[in-house]
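S.K.: 3D, please:
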Amino acid sequence: MSTTRTSTTQTPEPRTVLVTGGNRGIGLAIARAFVAQGDRVAITSRSGQGPDDVFTVAGDVTDSASVDAAVTAVEEHFGPIDVVVANAGITHDMLLMRMSEDDFTSVIDTNLTGTFRVVQRTVKGMIKKRRGRIVLVSSVVGLLGGAGQANYAASKAGLVGFARSVTRELGARGITANVVAPGFIETEMTQVLEPELKKKYQQQIPAGRFAQPEEVARVCTWLASDDAAYISGAVIPVDGGLGMGH
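M.R.: Next up, the predicted model:
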């Protein structure tokens, strides 16, 4: 039986997709990749402001009530969520000896506990439907570590254990949970790097370049597709070979 879509990585019917922190950078590229497939896509941003071409709701992943309100708004607008991409995250780099407890816990609360809040709230509908896709955006730093990034690396490494635990709990219900680990990506954050520093980083990458946000987005849409239905608990690097062996 034929479907209305030509790509084998796309499902026949539009799904409801939620991307947290989807108002810019990698998150926005992910959201637009799902829109291009014909899915119903919503993004969260703390301010509730976002691009005109994507449905945006206010959502602060550090606040359970805000997460619940955001997800409820998406469900009322589009219906039950089929795919969630937990992308919202922050950095607060600081050498260990100078890092305050708040520096550490604030990053953990946003990047790791925030993901827990979002997944716990959205997975309820997936359990009822006995299908769903969870994609967590981690980082190569979570696998390699990074000087001055003990808080960030810990939060991103924690997503791996979280995804694998979710897989063991919910895999039999048709729900997958996977991790994407980007390396250096051409975003606003990397564009402000000094040329010499940028060159130094690129020399460490076997591919010899930074990735485009769309390259991360395509991995996310594939993990959310029917073609990836038997993949769960996996960590997919999108880093040009930077983190090989980790």
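
S.K.: Show me the shaky parts of the chain.
M.R.: For the chain, the stretches flagged by pLDDT under 70 are 1-12, 189.

S.K.: Where do the strands of it begin and end?
M.R.: 16-19, 40-45, 55-58, 83-86, 132-137, 175-182, 235-238 (DSSP state E).

S.K.: any idea which helix is longest in the chain?
M.R.: helix 150-170 (DSSP state H).

S.K.: Mind listing what's buried along that helix?
M.R.: Across helix 150-170, burial judged by 16 or more other C-beta atoms under 10 Å covers 150-160, 162-164, 166-167, 170. Where C-beta positions appear, they are placed from N, C-alpha and C, glycine not excepted.

S.K.: on that earlier part again, which one, of the strands of the chain, ends up nearest to Thr72?
M.R.: strand 55-58 (9.2 Å; C-beta to C-beta).

S.K.: for the closest one, packing partners?
M.R.: strand 40-45, helix 64-78 (3 or more C-beta pairs under 8 Å, 6 or more residues apart in numbering; DSSP states H and E).

S.K.: What are the buried residues along it?
M.R.: Phe55, Thr56, Val57.

S.K.: so what's the second one closest to, chain neighbours aside?
M.R.: When you say that, I think you mean Thr56. Using C-beta to C-beta, 6 or more residues apart in numbering and skipping residues adjacent in sequence, the residue nearest Thr56 is Gly50, 3.1 Å away.

S.K.: Now do the same contact list for that neighbour.
M.R.: Gly22, Asn23, Ile43, Thr56 (C-beta atoms under 8 Å, 6 or more residues apart in numbering).

S.K.: circling back: the longest helix of the chain: how far from the chain's middle?
M.R.: Centroid separation for helix 150-170 versus its chain: 12 Å, with C-alpha atoms, centre = their mean, to the nearest Å.

S.K.: and the angle from it to strand 132-137?
M.R.: Interaxial angle, helix 150-170 versus strand 132-137 (axes from the mean of the first three to the mean of the last three C-alpha atoms, to 10 degrees): 160 degrees.
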